[in-house]
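Participant: Sequence plus predicted model, see below.
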Amino acid sequence: MDAVATIKKAKTALQKNSVIARPYMWVKEQKETAALKNNLHGKYSFDDAASGSDVACVVLAGYKPYLYPYVFPRLLRFLPHGIDVCIVTAGKHVEELRRLCLENGWSYISTQDNNVALAQNIDINCLPHAKRFFKLDEDIFVTDGFFERMLAAREHALMGDYKPGIIAPILPINGYGHMRVLERYGLVEEYTKRFEKPHIAA
């Protein structure tokens with residue numbers, strides 16, 4: 001039996017030992033937690049245009065260029081004053097997005113590794129003043145009042161018994177949110193005539 005196989009066999013035996021298993025798992029969990037916290041190791045470039053705001057909007061982009069003419073003008077139009085924007089591309093550098101950032105006073109990060117979690121962690125690390133983050137993808141079409149309503153919803157939740165880490169809007173294109181939208185605007189019958197009877201499916 002070679003050395004690697006011997007070590008594997010010993011580790012398996014230790015994990016099954018009732019006396020050793022609990023501290024072994026604790027040490028393993030601590031290592032995994034530390035690795036997640038330190039998931040910032042990767043090559044990246046950062047064009048810093050941040051103002052130091054405590055609110056930032058991170059847009060993960062780079063793979064749907066056909067949406068840029070529609071998504072980013074809406075973001076620019078509905079973005080309240082005082083929110084730092086940073087566009088992040090994981091695994092590539094997109095000069096079109098970098099230019100867009102330069103034109104609008106936004107930051108731009110591109111990472112060498114195509115790892116979304118790493119890219120977002122690097123982004124958060126590069127914006128140390130920000131305490132609240134909006135996270136968008138390049139195919140999210142924001143609407144008038146989106147940012148203000150989300151911030152207000154968080155403040156409302158904090159006044160009660162909640163301390164939310166994440167707040168998310170109801171997106172209309174899924175198996176639940178579309179029903180709420182159709183009902184709110186009285187369009188269930190119209191939708192049924194044009195397509196089919198809508199159902200809550202998720």
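Facilitator: On my side now, so go ahead.

Participant: my guess is G82 contacts A50, does it?
Facilitator: No. At 11.6 Å, G82 and A50 do not qualify as touching, with contact defined as CB atoms under 8 Å. Backbone N, C-alpha and C define where each C-beta goes, glycine included.

Participant: Neighbour count: the two, which is higher?
Facilitator: The residue with more neighbours, out of G82 and A50, is A50; 18 against 9, by other CB atoms under 10 Å.

Participant: Tell me which residue lies nearest the centroid of this structure.
Facilitator: For the chain, the residue whose C-alpha lies nearest the mean C-alpha position (CA atoms, centre = their mean) is K135; its distance is 4.4 Å.

Participant: Provide the backbone phi and psi angles at that one.
Facilitator: Recorded main-chain torsions at K135 are phi -120, psi 120, according to degrees, to the nearest 10.

Participant: For it, give its distance to N121.
Facilitator: Look at K135 and N121: by CB to CB, to the nearest Å, they are 12 Å apart.

Participant: could you pull out the strands for the protein?
Facilitator: 44-47, 55-61, 84-90, 107-111, 132-137 (DSSP state E).

Participant: pretty sure F146 contacts A168?
Facilitator: No. Taking contact to mean CB under 8 Å, the distance of 11.9 Å between F146 and A168 leaves them out of contact.

Participant: Out of these two, name the residue with the larger neighbour count.
Facilitator: Neighbours per residue, other CB under 10 Å: of F146 and A168, the larger number sits with F146, 19 against 9.

Participant: ok, what's across the strand from the spatially closest residue to L136 that is not a sequence neighbour?
Facilitator: Excluding its sequence neighbours, the residue lying closest to L136 (CB to CB, 6 or more residues apart in numbering) is V59, at 4.8 Å. With beta bridges defined as DSSP bridges, V59 has these partners: I87, L136.

Participant: Contacts only, for V59.
Facilitator: Contact partners of V59, counting by CB atoms under 8 Å, 6 or more residues apart in numbering, are 75, 85-88, 136-138.

Participant: Also F46?
Facilitator: Taking CB under 8 Å, 6+ apart, one finds 107-109, 122, 126 in contact with F46.

Participant: change it to 10 Å
Facilitator: By CB atoms under 10 Å, 6 or more residues apart in numbering, F46 lies in contact with 86, 88, 107-111, 122-123, 125-127.
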